[in-house]
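Visitor: Predicted model, plus sequence, below.
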Amino acid sequence: MKRLILLVVATVFLAFQVAISSVAAVELDKGIRTVPLNEQGETTVASIEQIEKGKQLFIDTCSQCHAGGKTKTNPNVSLGIEDLSLAYPRRDTVEGLVDYMKAPTSYDGEFDISELHPSIKSADIFPEMRNLTENDLEALAAYILIQPKIRGIQWGGGKVYN
C-alpha cells in the first residue's frame, strides 16, 4: 500500500512538471522573445533554445551576484530595462550587453571594471568566462532582456533606495 501511494505521488509530481514545462514554452511566444538588438532600433527574435541556453548560462555564471535580476554589490542598479537603458553606454540591447560582458565599465562608462566584474577581458581572473562564445553571450543577453517581460517588477525587485 505504501509503495502504491508513493507511485501515485511520483506520477502526479511528474505529470505536474511536464504540464508546467509545456506552459512555460508556450508563454515564450515571438513577442516575448523579441528583444532590442542595437541602439539603431533593430530587434531580434531569440529562439527557445537560445533562451534556454541563456538561462543555464545565467544560473551558472551570473546568478551568484544577480539572482532575480538584482545586483548584490549595488542594490540601486538592477538588470531591469530602465537601469540597463540609463547606463552609459546603454546596456538594454543584445549588442550593448554583449559589449559589457566582453569589457565591463562602470555605470557611467568612465572606468574599466573588468577586474571586479566577470568578463571575457578578465577571463584569467574569472574562469567561468573562459569558454563563453559570442553565441553564448548573445543567448545570455537575450535571456536577461526577456526577463522583465516575463517576471515584471520581480526581475530586479525595483530599486532599494529612491
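Guide: Perfect, I can see it now. Residues are numbered from 1 along each chain as shown.
Visitor: Give me the phi and psi for the spatially most central residue of the chain.
Guide: Among the residues of the chain, the one closest to the centroid is residue 144, at 2.8 Å (C-alpha atoms, centre = their mean). With angles defined as degrees, to the nearest 10, residue 144 sits at phi -60, psi -40.
Visitor: Leaving out chain neighbours, which residue sits closest to it?
Guide: Spatial nearest neighbour of residue 144, excluding adjacent residues (C-beta to C-beta, 6 or more residues apart in numbering): residue 79 at 5.5 Å. (Each C-beta comes from the backbone N, C-alpha and C, glycine too.)
Visitor: ok, the residue nearest to the centre of the chain - contacts?
Guide: Under the criterion of C-beta atoms under 8 Å, 6 or more residues apart in numbering, the neighbours of residue 144 are 54, 58, 69, 79, 97.
Visitor: From residue 1, how far out is it?
Guide: Here the criterion is C-beta to C-beta, to the nearest Å. By it, residue 144 lies 49 Å from residue 1.
Visitor: If you rank every helix and strand of the chain by mean pLDDT, what lands last?
Guide: helix 2-27 (a mean of 57; mean pLDDT, DSSP states H and E).
Visitor: State the next helix or strand along the chain beyond that one.
Guide: helix 30-33 (DSSP states H and E).
Visitor: Now do the SS call for the closest residue to residue 96 other than its chain neighbours.
Guide: Counting by C-beta to C-beta, 6+ apart, residue 90 is the residue found nearest to residue 96 once chain neighbours are left out, at 5.0 Å. Three-state assignment for residue 90 (DSSP: H, G, I helix; E, B strand; the rest coil): coil.
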